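[1] just a sequence and a predicted model for now, questions to come.
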Amino acid sequence: MTTTISSATGGLSVRNLHKTYPPDIVALRDVSLELRPGEFTAIIGPSGCGKTTLLKIAAGIESYQRGEVVFAGERVAGNTSWKRSVIYQDIRLFPWLTAQANVVFALESKGLPKAEARRLAAQWIERQGLRAYADAYPAELSGGMRQKIGVCRVLANEPELILCDEPFSALDWTARESLQLELLRYWYEQRKMVLFVTHNVEEAVYLAQRVVLMSARPGVIKEIVDVPLPEERWDVRRDSPQLLEVARYVNNHIADEVRKAQLAEQEVGY
Ligand SMILES: Nc1ncnc2c1ncn2[C@@H]1O[C@H](COP(=O)(O)OP(=O)(O)OP(=O)(O)O)[C@@H](O)[C@H]1O
Ligand SMILES: [Mg+2]
């Protein structure tokens with residue numbers, strides 16, 4: 001079954017998307033998804049169901065065979081743009097540049113004059129509480145600090161669509177919570193679009209306005225769940241009954257999909 005949210009100009013529109021990796025691995029089958037401008041959407045689904053593939057296609061770094069992907073009126077088909085940025089689980093910083101110089105570099109690449117780039121980079125690093133580490137090199141930072149700088153580097157460029165591929169899953173709880181709030185704050189203040197892949201149900205429900213549930217491979221969108229919580233999520237307790245109710249629903253879906261994936265594997269004789 002294919003589910004569609006109301007269509008949107010300026011949003012992300014994925015229509016009947018089909019992706020096969022050679023020789024014949026069907027990663028996405030007939031996926032359609034309409035995301036409105038300014039929407040924070042999470043994607044949850046079993047491992048291998050095509051979430052990363054979908055993000056890469058939306059970023060323009062992966063090709064596809066059939067269907068159409070349009071962002072802000074522009075067809076995305078292997079063309080990258082700073083407007084569509086990916087935040088990976090393990091953001092690679094340039095090891096030969098300091099933390100601050102990494103952020104400055106990204107801003108200059110987008111065309112900002114050096115002085116302005118330096119001012120903005122310092123502001124973002126300060127916001128993350130890392131001023132004391134601005135002149136440190138990546139090898140001198142902890143994993144959490146590196147990820148924070150990487151996130152600064154992406155957000156400082158003010159992308160229109162932020163594609164997040166499990167960006168906080170390797171972090172300890174404090175770094176994870178601080179980056180979740182930073183991303184929420186960016187989204188809330190700037191009204192940009194976020195598409196956030198995670199395996200963590202609580203994280204999906206805490207951050208997103210809608211959670212897209214995908215089936216086991218090949219990826220098909222099974223359902224889109226509304227999260228009836230206020231946009232000011234920092235006011236929401238993580239153990240609030242509403243949040244837990246949506247999380248329970250999503251968890252049940254995942255348990256069903258995992259069971260189906262296991263049965264399918266047994267049938268093909270794994
Ligand atoms: N470059 C590639 N070449 C061949 N097959 C690939 C390639 N990338 C992904 N696949 C396959 O496509 C399917 C979807 O992969 P994808 O990485 O999109 O899944 P995912 O949902 O992100 O999984 P996970 O939750 O484990 O990150 C998988 O079966 C995977 O093996
Ligand atoms: Mg993935």
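    All right, it came through fine. Numbers count the residues shown, from 1 in each chain. Ligands and ions are numbered 1, 2, ... in the order given.
[2] now residue 196, what's its secondary structure?
    With DSSP: H, G, I helix; E, B strand; the rest coil as the basis, residue 196 sits in strand.
[3] got it, and residue 135?
    For residue 135, the secondary-structure state derived from three-state DSSP is coil.
[4] who's in contact with it?
    98, 99, 100 (Cβ atoms under 8 Å, 6 or more residues apart in numbering). Every residue, glycine included, has its C-beta placed from N, CA and C.
[5] for residue 92, state which of the residues you listed is nearest.
    Checking the contacts of residue 135 against residue 92 with Cβ to Cβ, the nearest one is residue 99 at 13.5 Å.
[6] can I assume the closest one is in contact with residue 131?
    No. Here residue 99 lies out of contact with residue 131, judged by Cβ atoms under 8 Å, at a distance of 9.9 Å.
[7] okay, these two: which has more neighbours?
    Taking neighbours as other Cβ atoms under 10 Å, residue 99 and residue 131 compare with residue 99 leading, 28 against 13.
[8] per-residue confidence for the closest residue to the more buried one other than its chain neighbours?
    Excluding the flanking residues, the one nearest residue 99 by Cβ to Cβ, 6 or more residues apart in numbering is residue 149, at 4.7 Å. On pLDDT, residue 149 comes in at 94.
[9] quick check: residue 149 is in a helix.
    Yes. The assignment for residue 149 by three-state DSSP puts it in a helix.
[10] for stretch 136-155, give me every contacting residue.
    Residues contacting stretch 136-155 (Cβ under 8 Å, 6+ apart): 85-88, 90-99, 102-103, 106, 121, 124-125, 127-128, 130, 133, 162, 167-168, 170-172, 174-175, 178-179, 182-183, 186.
[11] could you redo the last one with a cut-off of 6 Å?
    Here stretch 136-155 makes contact (Cβ atoms under 6 Å, 6 or more residues apart in numbering) with 85, 87, 91, 93, 95, 98-99, 102-103, 106, 124, 128, 171, 175, 179, 186.
[12] considering those, which is situated nearest to ligand 1?
    residue 87 (14.3 Å; Cβ to the nearest ligand atom).
[13] show me what contacts that closest one?
    With Cβ under 6 Å, 6+ apart, residue 87 has these contacts: 154, 164, 167.
[14] the longest helix in the protein is where?
    The residue-count maximum for a helix in the chain (DSSP state H) belongs to helix 241-267.
[15] so which elements touch that one?
    helix 201-207 (3 or more Cβ pairs under 6 Å, 6 or more residues apart in numbering; DSSP states H and E).
[16] averaged pLDDT, the longest helix of the chain. What do you get?
    pLDDT averaged over helix 241-267 gives 83.
[17] got phi/psi on the one residue in the stretch 101-250 of the chain that gets nearest to ligand 1?
    Residue nearest to ligand 1 within the stretch 101-250 of the chain: residue 217 (5.2 Å; Cβ to the nearest ligand atom). The phi/psi pair for residue 217 (degrees, to the nearest 10) reads phi -50, psi 140.
[18] surely it and residue 51 touch.
    No. With contacts defined as Cβ atoms under 6 Å, residue 217 does not count as touching residue 51, sitting 10.4 Å away.
[19] more neighbours: these two, which one.
    residue 51 (24 against 21).
[20] skipping adjacent residues, who's closest to the more buried one in space?
    Nearest to residue 51 is residue 197, by Cβ to Cβ, 6+ apart, at 4.5 Å.
[21] residue 88 now?
    residue 165 (5.4 Å).
[22] how many neighbours does the one you found have?
    Each residue near residue 165 was counted by other Cβ under 10 Å, and the total is 21.
[23] narrow the contacts of residue 87 to those in helices?
    When these are checked against helices (DSSP H), the matches are residue 154.
[24] which of the contacts of residue 87 has the largest number of neighbours?
    Tallying neighbours with other Cβ under 10 Å puts residue 167 at the head of the contacts of residue 87, with 26 neighbours.
[25] ok, the residue of the stretch 101-250 of the chain closest to ligand 1 - contacts?
    Counting by Cβ under 6 Å, 6+ apart, residue 217 touches 48, 49.
[26] tell me the pLDDT at it?
    At residue 217, the pLDDT value in this model is 72.
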